[in-house]
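1. Fold the following, please.
(one chain, ligands or ions: 2)
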Amino acid sequence: MKSIQKKYDALIIGFGKGGKTLAAFMAKQGWQVAVIERSALMYGGTCINIACIPTKSLVHSAENHVPYADAIAEKNRLVESLRKRNFDMVDQFPNATVITGTASFLSPGTVSVRLADSGEEVTIAADRIIINTGAKPVLPSIPGLNASRRVFTSTTLMEETKLPERLVIIGAGYIALEFAGMYAQFGSEVTLLSRSATFLPDEDRDIADAVQSILIAKGIRIELGALVDELVPGGDTDTIVYRQAETRTEIKATAILIAAGRQPNTEDLNLEAAGVRQDSKGYIVVDERLQTSTPNIWAIGDINGGPQFTYISLDDFRIIRSQLFDFKPHSTADRIQVAGALFITPPLSHVGLREHEAIGKGYRVKVATLPASTSTRAQLLNRPEGIFKAVVDADTNLILGCTLLCSDSSELINLVQLAMHAGLDYTVLRDTIYTHPSMSESLNDLFAKIG
Ligand SMILES: Cc1cc2nc3c(=O)[nH]c(=O)nc-3n(C[C@H](O)[C@H](O)[C@H](O)COP(=O)(O)OP(=O)(O)OC[C@H]3O[C@@H](n4cnc5c(N)ncnc54)[C@H](O)[C@@H]3O)c2cc1C
Ligand SMILES: NC(=O)c1ccc[n+]([C@@H]2O[C@H](COP(=O)([O-])OP(=O)(O)OC[C@H]3O[C@@H](n4cnc5c(N)ncnc54)[C@H](O)[C@@H]3O)[C@@H](O)[C@H]2O)c1
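-> Ligands and ions are numbered 1, 2, ... in the order given. Sure, this is the predicted structure:
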């Protein structure tokens, strides 16, 4: 580690996506900058170490029938190489320092860091401080949860080298569905306990039904409206006791994944000392330019309570760059139609308004749906399951939203997003000449159904 200075132009707490990108950018501009990260195993942040990258590596391996233990080994290899690359991305600059330790505010302009290797406390001052400490799993207060040795989070389950025989997942959001998909494909018997009585409650019903059918076809059992009362630790298995309506049911598990949302990492920060306000859930309150209640302190990434995606953290970097350097003004208000992808097999990707949302907002809509099996690309990949859906404003011909449940939809959705940002009429996607055989050419057929 480089020697630690008493004062920096900017201090970034947490090695998240926005923070590391900002650190490298600031260093390139000649600023003295430090990134404080509490664990050497987290250089590069959540995404590359314990989230997007390891999960998608496992999804890919599962799709290609790689045995579980080999998939975990490959995931570990990938993560280690990315962690080193991310460290170097900041450390390569002589005026940028990565400090391994836990940061805690002493005042709005000073931070105490407990160094990870020696336990020594050092005090560092900075003109500007950017908080980028991310989030961690919520562990609901279920009786027996703390006593169980079979309870895992997304982080710890991916450390297991032995495939769980019977995996029960509590939750039915992003993490639950991605883990359900991949562990079922690796060969686990998977049950999903969804607190909500409606599967994927935000989606249009035709899309949610299509996803549900695909997961059930993979052997995943989905229990809706399932309220977990208790975990009872046992010998070979633990028992999960849950209620659906008035019916009490028990299910046995060799592993239990808690996937019930995430909460902000603020416990060590001593935000009161800096006058930084938090909301009722503990997230740091920011304005459209990500400034906190204290001048010269910003909060970026998951910690500011915005959408929890790596690409949002990256866009947060752009917002800070626009303020501190001479870039075009940018704020969260500019974020329209941000796409999302849920990496089940095939992935579910979405941008803009769903049909029910568009109708709820008073639009007159034209809607087209098409089975993914109409795509020759989907056929040749042997992944014909899924559906395409487009929602168009009947008055303006502008695309209001699009949902794609098909191979490579996480790529294809960006094309639709670009068309929406550019304000293109749906007929442009309908009439564009696409390569063949590609998933993109399905947009010809989907938008032709609009008219
Ligand atoms: C299993 C899983 C899969 C996901 N998959 C995707 C996906 O496919 N695509 C996607 O876009 N998003 C995905 N996400 C969400 C995405 O990972 C997060 O939105 C993103 O990583 C948040 O980054 P960040 O910039 O907020 O900071 P983070 O990357 O979370 O970094 C915060 C860092 O701060 C450190 N830290 C915390 N407190 C302190 C302190 N006091 N002092 C010093 N350091 C501290 C932490 O150790 C951590 O390294 C996934 C999340 C999970 C959990
Ligand atoms: N592909 C991606 O982009 C991707 C993948 C994984 C995670 N993520 C991000 O990480 C975030 C966290 O993922 P997540 O799946 O933990 O959260 P989530 O918000 O997507 O889903 C949480 C689920 O837990 C349920 N739940 C909440 N409290 C509960 C309780 N007490 N008991 C039982 N169930 C409960 C909810 O009903 C919901 O089904 C996501 O919101 C997303 O932003 C993104």
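2. Strands of the stretch 151-300 of the chain, start to end?
-> 151-152, 166-170, 189-193, 221-223, 226-232, 238-244, 247-253, 255-258, 262-264, 297-299 (DSSP state E, counting those that start in this stretch).
3. Columns mean neighbour count and mean pLDDT on top of the ones you listed, output as a markdown table?
-> For glycine as for every other residue, the C-beta is placed from the backbone atoms N, C-alpha and C. What follows is those, written out as a markdown table (neighbours: other C-beta atoms under 10 Å; pLDDT from 0 to 100):
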| stretch | mean neighbour count | mean pLDDT |
| --- | --- | --- |
| strand 151-152 | 22 | 98 |
| strand 166-170 | 25 | 98 |
| strand 189-193 | 23 | 98 |
| strand 221-223 | 16 | 98 |
| strand 226-232 | 18 | 98 |
| strand 238-244 | 19 | 98 |
| strand 247-253 | 14 | 97 |
| strand 255-258 | 25 | 98 |
| strand 262-264 | 20 | 98 |
| strand 297-299 | 28 | 98 |
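4. Figure out which of those is closest to ligand 1.
-> strand 262-264 (6.4 Å; C-beta to the nearest ligand atom).
5. so how far is that closest one off the chain centroid?
-> 12 Å (C-alpha atoms, centre = their mean, to the nearest Å).
6. Other residues contacting that strand?
-> Residues from elsewhere that reach strand 262-264, judged by C-beta atoms under 8 Å, 6 or more residues apart in numbering: 133-138, 278, 281-284, 302-303, 305, 308.
7. What pairs with it, parallel or antiparallel?
-> According to DSSP bridges, strand 262-264 forms sheet pairs with strand 135-137 (antiparallel).
8. does ligand 2 sit close to the partner strand?
-> No - using C-beta under 6 Å from any ligand atom, strand 135-137 stays clear of ligand 2, with a minimum separation of 6.5 Å.
9. Centre of the chain to stretch 414-423, how far?
-> Taking the mean of its C-alpha atoms, stretch 414-423 sits 21 Å from the chain's own mean (C-alpha atoms, centre = their mean).
10. Please enumerate residues in contact with it?
-> So stretch 414-423 is contacted by 336-339, 351-352, 398-399, 402, 404, 428-429, 440, 443 (C-beta under 8 Å, 6+ apart).
11. Count the neighbours of the spatially closest residue to residue 28 that is not a sequence neighbour for me.
-> Leaving aside its sequence neighbours, residue 28 sits nearest to residue 93 (C-beta to C-beta, 6 or more residues apart in numbering; 7.0 Å). By the criterion of other C-beta atoms under 10 Å, residue 93 has 17 neighbours.
12. which secondary structure element contains residue 437?
-> Using DSSP states H and E, residue 437 sits in no helix or strand.
13. Residue 378 is in contact with that one, correct?
-> No - the criterion here is C-beta atoms under 8 Å, and residue 437 misses it with residue 378 at 9.3 Å.
14. Of the two, which one has the most company?
-> Just comparing residue 437 and residue 378: by other C-beta under 10 Å the higher neighbour count belongs to residue 378, 23 against 14.
15. what's the spacing between the more buried one and residue 368?
-> Counting by C-beta to C-beta, to the nearest Å, the gap between residue 378 and residue 368 amounts to 17 Å.
16. How about the residues of the stretch 1-150 of the chain by ligand 1?
-> 13-18, 36-39, 42, 45-47, 51-52, 55-56, 102-103, 132-134.
17. Now list the buried members of those.
-> For these, a burial check counting by 16 or more other C-beta atoms under 10 Å picks out 13-18, 36-38, 42, 45-47, 51-52, 55-56, 102-103, 132-134.
18. Which elements pack onto the host helix or strand of residue 59?
-> Using DSSP H and E, residue 59 sits in helix 52-63. Applying 3 or more C-beta pairs under 8 Å, 6 or more residues apart in numbering; DSSP states H and E, we find helix 52-63 packed against helix 68-91, helix 174-186.
19. From ligand 2, how far out is the residue nearest to residue 28?
-> 30 Å (C-beta to the nearest ligand atom, to the nearest Å).
20. how about the helices in the protein?
-> Taking DSSP state H as the test, the helices found in the chain are 17-28, 45-50, 52-63, 68-91, 154-157, 174-186, 205-217, 310-324, 355-360, 376-380, 409-421, 426-431, 442-448.
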